[in-house]
Structure formats: C-alpha cells, structure tokens
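>>> Fold the stuff below for me.
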Amino acid sequence: MFRVSARVRGASEGLYEFSPGLQLQFFDANHKGVAQNGAQTLLAADADGWQTLVLDGVAPPQATSARLVLDWSDYSFWYAPTVELTALQWWLEQPVVVK
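Purely as a prediction, here's the structure:
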C-alpha cells in the first residue's frame, strides 16, 4: 500500500485531474516500468485556502522501486497560474509474500 500527500494552494481542477497532480511510477528489479497510479483526491480547503492532495493505492507485487511524479497540466497555467505546494510526504509499505 502507499500514500502520497501534499498541501497545495491555488490548484486547478479539470474534468478528470488536478494540477498539480501526484503520480507514483513503479519499476521492477530490471528498472522496467510496471505500473503508474494517478487517481487522487483533493480535500476541502482550510481557512487559509490550503488543500490536501492525496494519492492512495496498492503497489504492484513485482515493484521494487517507485518514483514520485509531480504533474502540471498545460491548462493549469491559464486557470491557476500561481500554485503553492508544501509538506510533500509519501509512505510506501513493502509487500509481504506469504508462502
């Protein structure tokens, strides 16, 4: 399992995504890409306008490493030209194989 979170202010919301967006790219022992997860949730803003952007999921069993990607969409530069990002955190649980 994994969780990535970031505090953002000024994020733009598209039809199917947020900008900035969070993604995790997973790789196997040979550094070949095995999966990319990108479904995320943008929580309600606090009094100062900061929102928490969260990405949760399950790491593929063959994954041995992961790379965090911060993704800015082209449209966001029109609708949200100034975005602040802070408190980037991530947690990745090593899968356990039961035999």
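
>>> For the nearest residue to residue 87 once chain neighbours are set aside, grab the count of nearby residues.
Closest residue to residue 87 apart from its sequence neighbours, by CB to CB, 6 or more residues apart in numbering: residue 7 at 4.3 Å. To be clear about C-beta, it is placed using only N, CA and C from the backbone, and glycine gets the same treatment. By the measure other CB atoms under 10 Å, the count of residues near residue 7 is 16.

>>> Assign residue 7 to helix, strand or coil.
strand (DSSP: H, G, I helix; E, B strand; the rest coil).

>>> Tell me if I'm right that it and residue 51 touch.
Yes: judged on CB atoms under 8 Å, residue 7 makes contact with residue 51 at a distance of 7.3 Å.

>>> Enumerate every residue touching residue 70.
6, 20-22, 85 (CB atoms under 8 Å, 6 or more residues apart in numbering).

>>> Buried subset of those residues as a PyMOL selection?
Command for PyMOL, covering only those of the contacts of residue 70 found buried under the criterion 16 or more other CB atoms under 10 Å:
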select buried, resi 6+20+21+22
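
>>> Please flag which of the contacts of residue 70 sit within strands.
Among the contacts of residue 70, the members falling in strands (DSSP state E) are 6, 21-22, 85.

>>> where's residue 61 relative to residue 28, distance?
Separation of residue 61 from residue 28 (CB to CB, to the nearest Å) stands at 10 Å.

>>> And those two? Which one has more around it.
Counted by other CB under 10 Å, residue 61 and residue 28 do not tie: residue 28 has more neighbours, with 15 against 9.

>>> Restricting to C-alpha, output stretch 54-69 in PDB.
C-alpha atoms of stretch 54-69 as PDB (Å, rounded to 0.1, in the frame of the first residue of the first chain):
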ATOM      1  CA  VAL A  54      -3.900  12.700  -1.500                       C
ATOM      2  CA  LEU A  55      -3.000   9.700  -3.700                       C
ATOM      3  CA  ASP A  56      -3.700   6.200  -2.100                       C
ATOM      4  CA  GLY A  57      -3.300   2.800  -3.700                       C
ATOM      5  CA  VAL A  58      -1.700  -0.600  -3.700                       C
ATOM      6  CA  ALA A  59       1.800  -1.100  -5.000                       C
ATOM      7  CA  PRO A  60       2.200  -3.900  -7.700                       C
ATOM      8  CA  PRO A  61       3.700  -7.100  -6.200                       C
ATOM      9  CA  GLN A  62       6.600  -7.100  -8.700                       C
ATOM     10  CA  ALA A  63       7.600  -3.500  -7.900                       C
ATOM     11  CA  THR A  64      11.000  -3.000  -6.300                       C
ATOM     12  CA  SER A  65      11.100   0.800  -6.500                       C
ATOM     13  CA  ALA A  66       8.900   3.800  -7.100                       C
ATOM     14  CA  ARG A  67       9.300   7.300  -8.400                       C
ATOM     15  CA  LEU A  68       7.100  10.200  -7.400                       C
ATOM     16  CA  VAL A  69       5.900  12.500 -10.200                       C
END
